[in-house]
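Q: need a structure here:
(chains A and B)
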Protein chains: 2
Amino acid sequence: MTEEPSGGDLSRLRQLNAQAVLRALRDDKPLTLTELAKRTGLSRASTEDVARELIERGWVAEAEPTAGTVGRPARRYRFRADAGRVLGVDIGGHSIRALVTDLDGEVQHSTSVAVTPQLGRKERLAALDTCVAAALTGADVTAGQIWSTGVATTGLVDGTGKVMLSDSLAEWTGVDLAAHLRKLVGAPARVENDSKVAALAESWRGVARHAKDVVFLLAGVRTGTGLIIDGKLHRGFGNAAGEIGALPAIGWLKAPDQLRAWAGGKDEFEDVFLAARNGDRAAVRAVRRYTRDIAIGVSALILTLDPELLVIGGGFSRSADLVLQPLRAELDRWCLRTPEIRVSTFGDEGVALGAVRLALEQVESRLYDGTELSPAGIAGASGRRASGSAGER
Amino acid sequence: MTEEPSGGDLSRLRQLNAQAVLRALRDDKPLTLTELAKRTGLSRASTEDVARELIERGWVAEAEPTAGTVGRPARRYRFRADAGRVLGVDIGGHSIRALVTDLDGEVQHSTSVAVTPQLGRKERLAALDTCVAAALTGADVTAGQIWSTGVATTGLVDGTGKVMLSDSLAEWTGVDLAAHLRKLVGAPARVENDSKVAALAESWRGVARHAKDVVFLLAGVRTGTGLIIDGKLHRGFGNAAGEIGALPAIGWLKAPDQLRAWAGGKDEFEDVFLAARNGDRAAVRAVRRYTRDIAIGVSALILTLDPELLVIGGGFSRSADLVLQPLRAELDRWCLRTPEIRVSTFGDEGVALGAVRLALEQVESRLYDGTELSPAGIAGASGRRASGSAGER
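A: Predicted structure coming up:
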């Protein structure tokens, strides 16, 4: 494969072989040539050709030999996660967060800026721009080096990346977030509801990564839910799954009022949890009442789906020690089978990590359908590598 | 393949080839030898050998030539749906129903007997035995000719076919229905909750057969639900999905009280619907209130799953003209997106048809894993064909 292929067919074949090799390396630990040939079904000679080409292009590297190997160790190849960068953004009512990661989702930099739900559309988008710029600077990359962006926001999002409905962020319904991010970063952008992508993050590398059916609860100033069914995010026919909270009868809309009442009408719920932890009886009562209200809707979800696992994430997951025991007692009261309950370990970053996963899904589908490997894609990748040092870190 | 294979390997290969041919014919319209060879990847000669053998064994037949074909028509082969029979049983509070069908699910005979929810365990099982015997007699088959049984019952069923929990049928918790049916019929038996299998029936050959995500509502004296997600019945981790009705907050437990009050405390709901249809204002009000109560839980399901389709089945589906318009109005009030609503066309047979599907799933998995094609399986099939005329009808 040192000479340039003459026909389009050969070029397409090379591309398919390159995809097969990349996919095998992306999904696995470093592989020897023999393993790689077996995994892809290519001949050993073809595999070696493809590997050499992918190394030249910066997609693949030779892995360090395993320590302790006796004799000459076989050469092993690995996917170069540092060949590119992706961006994940979480646009919430009280903060905006941006993560820059490599192609394995390893976080290079994380930034957040504080906002309020009342902020107007322009101001919120300006805060978003600031946050993204800070994340790129922090990760020492330019916008042009980002391959893909994932965006999470509260509210319903349509398939094109527009906010269909947001009743908690001012002037947010109708914002075309995909278009805004594409323009800002110059990469493809996908947008999804925050609870849904937080569920995705748990299923990807969080406490739900071994479970097939999961109810994820985003517990915070607002309550949301994301469903993993048969290992996949359940989006719904109109991308509107997981919105049980909109139903007044299940009590999620009024649940935070129990905490708000203690806090004198303000949304400063950390103080309530702090006071409850210190034994303030009114605060303990408020947390109990909040939990009781939340439990009705959670029970409805559990009775409906009978999941393997319930995951508690969102801002209140840091106070899970106060919520977990009364929640389990309420669920035992209503459910036929209370599932295992686990608390997210992602703290405030769960939604943004889910947005990263959304971005990586885009990269993977482009990688595997050959878009990223087409002459244009490769030129672009080379260009990106040439114009910055991202490929070297 | 006229001589007996000498080794176990060859026999296993023949079995695999036979499976491939059977699967292709089972899933499709009649196929020519050329089509069959292409579909299975076997050589033309091997395909012909296998087809001859399957015809000898009674699994496959030559199809009638298509009318109007010019010239000598190519021979076409079809799966013999009449090679075997399955049984589907629905054990409800007010009736027990049994269907005997061929391997395509074509109903050969349907029987039902009336029971009451108060009937004791022994009496209910005796009524079940009577109903099954009548169905077999009506279809002119003996118990030995049934290949597989599917059973549906109200209540929660565990993976082994035991009733885990039934609060509407007397003395029903703990009954080992799978064991009872296996003994009664002498064939493998699978047991499932009635709402779940009714959803399966709609997805198999009912109004939901083109939809991937479906909420099925079994509306009757009791209200139940079955979920089809991504084209498959969602059973849940502990086989307990779809039980949202157990939650008092969503109102399904008390919904029928609205109808019961009109009927003077009795469960004779057909009269209420009849009166409502004739303009009786108290009856119309009772139906409205019932619909309003049901709508809360249905909204919870729709908001959670955002399905493509809502299907109304069960006893009340015959009065869908009275329920549909107010139900849609209530759903529009609570849901972000009201899905298309369709009414089951199966009348009282939906659950029993779902039980048939359960039985056919067993036959298919045995057919495709080779169990039915093993020497023992084939001997059994031949024996069944020899002992009765089922194979000839």
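
Q: residues from the stretch 101-250 of chain A in reach of chain B?
A: The stretch 101-250 of chain A has residues A:156, A:165, A:213, A:225, A:227, A:229-230, A:232, A:234-247, A:249-250 near chain B, with proximity defined as CB under 8 Å from any CB of the partner chain. Backbone N, C-alpha and C define where each C-beta goes, glycine included.

Q: and if we set it to 10 Å?
A: Within the stretch 101-250 of chain A, the positions near chain B by CB under 10 Å from any CB of the partner chain are A:156, A:164-165, A:211-215, A:225, A:227, A:229-230, A:232, A:234-250.

Q: Over to the stretch 251-393 of chain A?
A: Those residues of the stretch 251-393 of chain A that sit near chain B, judged by CB under 10 Å from any CB, are A:251, A:295-297, A:299-309, A:334-337, A:339-340.

Q: Please pick the buried ones from the residues you listed.
A: A:251, A:295-297, A:299-309, A:334-337, A:339 (16 or more other CB atoms under 10 Å in any protein chain shown).

Q: residue ranges with poor pLDDT in chain A?
A: Counting by pLDDT under 70, chain A shows low-confidence ranges at A:1-11, A:66-71, A:370-393.

Q: what residues go with each domain of it?
A: Domain ranges of chain A: A:8-79, A:83-197+A:350-392, A:207-345, per automatic domain parsing.

Q: Of all these, which one comes closest to residue B:123?
A: With CB to CB, the closest approach to residue B:123 among these belongs to domain A:207-345: 27.1 Å.

Q: Next step: the buried ones among the residues of the stretch 251-393 of chain A next to chain B restricted to strands.
A: Counted as lying in strands by DSSP state E, out of those, are residue A:309.

Q: what's near enough to touch the closest residue to residue A:43 other than its chain neighbours?
A: Once flanking residues are discounted, residue A:43 sits nearest to residue A:37: 6.7 Å by CB to CB, 6 or more residues apart in numbering or on different chains. Counting by CB atoms under 10 Å, 6 or more residues apart in numbering or on different chains, residue A:37 touches A:21, A:24, A:31, A:43-48, A:50-51.

Q: give the contact list for the residue nearest to residue A:63 when sequence neighbours are not counted.
A: Nearest non-adjacent residue to residue A:63, counting by CB to CB, 6+ apart: residue A:30, 3.6 Å away. Contact analysis of residue A:30 by CB under 10 Å, 6+ apart lists A:36, A:60-66, A:75-79.

Q: repeat that with 7 Å
A: A:63, A:76-78 (CB atoms under 7 Å, 6 or more residues apart in numbering or on different chains).

Q: and whatever helix or strand residue A:224 lives in with strand B:223-229, angle?
A: Taking DSSP states H and E as the definition, one finds residue A:224 inside strand A:223-229. In terms of direction (axes from the mean of the first three to the mean of the last three CA atoms, to 10 degrees), strand A:223-229 departs from strand B:223-229 by 60 degrees.

Q: Could you name the helices and strands sitting against strand A:223-229?
A: For strand A:223-229, the packing partners by 3 or more CB pairs under 7 Å, 6 or more residues apart in numbering or on different chains; DSSP states H and E come out as helix A:194-205, strand A:214-219, helix A:281-305.

Q: JSON lines please, covering these and showing distance to residue B:316.
A: Shown next, in JSON lines, are the helices and strands packed on strand A:223-229 (distance: least, CB to CB, whole Å):
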{"stretch": "helix A:194-205", "distance to residue B:316": "34"}
{"stretch": "strand A:214-219", "distance to residue B:316": "30"}
{"stretch": "helix A:281-305", "distance to residue B:316": "21"}
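
Q: Would you agree residue A:64 falls within a helix?
A: No. Applying DSSP: H, G, I helix; E, B strand; the rest coil, one finds residue A:64 to be coil, outside a helix.

Q: Could you report the neighbour count for it?
A: By other CB atoms under 10 Å in any protein chain shown, 10 other residues sit near residue A:64.

Q: Please report how far it lies from chain B.
A: According to CB to the nearest CB, to the nearest Å, residue A:64 and chain B sit 41 Å apart.

Q: How about residue A:103?
A: Residue A:103 sits 28 Å away from chain B, going by CB to the nearest CB.

Q: nearest residue to residue A:305 other than its sequence neighbours?
A: residue B:241 (5.7 Å).

Q: Check residue A:291 too.
A: That would be residue A:326: by CB to CB, 6+ apart, it lies 4.5 Å from residue A:291.

Q: Just the residues contacting the host helix or strand of that neighbour, thanks.
A: Using DSSP H and E, residue A:326 falls within helix A:320-334. With CB under 7 Å, 6+ apart as the contact definition, helix A:320-334 has outside contacts at A:273, A:276-277, A:287-288, A:291-292, A:295, A:298-299, A:302, A:312, A:316, A:338, A:341, A:343, B:247.

Q: If we use 10 Å, what do you get?
A: In contact with helix A:320-334 (CB under 10 Å, 6+ apart) are residues A:217, A:219, A:272-274, A:276-277, A:283-284, A:287-296, A:298-300, A:302-303, A:310, A:312-313, A:316-317, A:337-339, A:341-344, B:246-249.

Q: For the most centrally placed residue in chain A, give me phi and psi.
A: Centroid-nearest residue in chain A: residue A:354, 1.4 Å away (criterion: CA atoms, centre = their mean). Main-chain dihedrals, residue A:354, degrees, to the nearest 10: phi -60, psi -40.

Q: who touches the residue lying closest to it once chain neighbours are set aside in this structure?
A: Spatial nearest neighbour of residue A:354, chain neighbours left out: residue A:197 (3.0 Å); criterion: CB to CB, 6+ apart. Residue A:197 sits next to A:88, A:90, A:150-153, A:157, A:190-191, A:204, A:216, A:218, A:226, A:233, A:350-358 when contact means CB under 10 Å, 6+ apart.

Q: Helices - which of the residues you listed land there?
A: Mapping the contacts of residue A:197 onto helices (DSSP state H) picks out A:204, A:350-358.

Q: just the buried members of those residues?
A: By 16+ other CB under 10 Å, those give A:204, A:350-358 as buried.

Q: In space, what's closest to residue A:36 - neighbours in sequence excluded?
A: Leaving aside its chain neighbours, residue A:36 sits nearest to residue A:47 (5.2 Å; criterion: CB to CB, 6+ apart).

Q: got the buried residues for the helix or strand harbouring the one you found?
A: According to DSSP H and E, residue A:47 maps onto helix A:44-57. Of the residues in helix A:44-57, A:46-51, A:53-54, A:57 count as buried by neighbour count, 16+ other CB under 10 Å.

Q: That one packs against which elements?
A: When contacts are defined as 3 or more CB pairs under 10 Å, 6 or more residues apart in numbering or on different chains; DSSP states H and E, helix A:44-57 packs onto helix A:8-26, helix A:33-40, strand A:60-62, strand A:76-79, helix A:375-387.

Q: I'd like to check which residues are in contact with the closest residue to chain B within the stretch 51-200 of chain A.
A: Per CB to the nearest CB, residue A:156 is where the stretch 51-200 of chain A lies closest to chain B, at 6.7 Å. Residues near residue A:156 by CB under 10 Å, 6+ apart: A:162-167, A:173, A:193, A:236, A:238-240, A:242-243, A:246, B:306, B:336-337.

Q: 8 Å - rerun?
A: With contact set as CB atoms under 8 Å, 6 or more residues apart in numbering or on different chains, residue A:156 has these partners: A:163-166, A:193, A:239-240, A:243, B:336.

Q: Please narrow these to those residing in strands.
A: Taking DSSP E as the definition of strands, the contacts of residue A:156 contribute A:163-165, A:193.

Q: ok, and the most crowded of the residues you listed?
A: Neighbour counts for those (other CB under 10 Å) peak at residue A:193, which has 29 neighbours.

Q: Run through the residues that contact it.
A: Counting by CB under 8 Å, 6+ apart, residue A:193 makes contact with A:152-157, A:224, A:226, A:239, A:242.
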